[in-house]
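Enquirer: sequence and computational prediction follow.
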Amino acid sequence: MNQVATYDSVNSLPARLITLLGQAVAWLTLAMVLVTFTVVVCRYAFNLGWIWLQDSIVYLHACVFMLAAAWALQRDEHVRVDIFYRDRTPRQKALVDALGILVFLAPFCIFLMVVSWNYVAVSWQIQEGSREASGLPWVYLLKTLILLMPALVLLQASVTLVNCWRCLRS
């Protein structure tokens, strides 16, 4: 685990909320496996199928991926280019983390929120539902995850940035 991520980051309120959300969302992977198993058994053993049940797998997967991204960042389980990081001191790692957040992560998250705002807003205005007659009717909620993910990642990035600053000052 990254040295920077271990400094009191879990003691702050935003970090605790992200941890709780991540742990809760992690359980959705079990639900996703069980629903997928149910879909396969119903389809191949009983020749039954429901579009809403298949849609629920997509919804669960989206929730896991998009709501747990900040938790992955917090736990230092995200993708990193180790060439700049692997053999560095904690201060150098803090500098790399801070620069990565300021130069790449924060601008990307802000860009994603700005670009997707109208897309999500229109979906809410029309209360967008599934294109399939028996599909799940909450597509607008699913699309809201496009805004929640970068907001949560920015929240965790701010906690990490504070930890980087503390490390750099010590």
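Expert: Nice, I can see it.
Enquirer: name the single longest helix found in this structure.
Expert: Counting residues, the longest helix found in the chain (DSSP state H) is helix 13-46.
Enquirer: can you give me the buried ones in the following helix or strand past that one?
Expert: Later in the chain than helix 13-46, the nearest helix or strand by DSSP states H and E is helix 51-67. For helix 51-67, the neighbour count (16 or more other Cβ atoms under 10 Å) marks 53, 54, 55, 56, 57, 59, 60, 62, 63, 64, 66, 67 as buried. Yep, even glycine has a C-beta here, placed from its N, CA and C like the rest.
Enquirer: where's the closest residue to residue 23 other than its chain neighbours relative to residue 26, distance?
Expert: Leaving aside its chain neighbours, residue 23 sits nearest to residue 71 (7.6 Å; criterion: Cβ to Cβ, 6 or more residues apart in numbering). Distance of residue 71 to residue 26, computed by Cβ to Cβ, to the nearest Å: 8 Å.
Enquirer: just residue 19 next, same as before
Expert: With Cβ to Cβ as the criterion, residue 19 and residue 26 are 11 Å apart.
Enquirer: same thing with residue 42?
Expert: 26 Å.
Enquirer: could you do residue 50 as well?
Expert: 26 Å.
Enquirer: most distant residue from the centre of this protein?
Expert: residue 46 (35.6 Å; Cα atoms, centre = their mean).
Enquirer: please list all residues in contact with residue 36.
Expert: Residues in contact with residue 36 (Cβ atoms under 8 Å, 6 or more residues apart in numbering) are residue 57.
Enquirer: next one, pLDDT for it please.
Expert: Residue 36 is assigned 97 on the pLDDT scale.
Enquirer: likewise residue 86?
Expert: 78.
Enquirer: let me know the secondary structure of it.
Expert: coil (DSSP: H, G, I helix; E, B strand; the rest coil).
Enquirer: and it, how many residues sit next to it?
Expert: For residue 86, the neighbour count with other Cβ atoms under 10 Å is 9.
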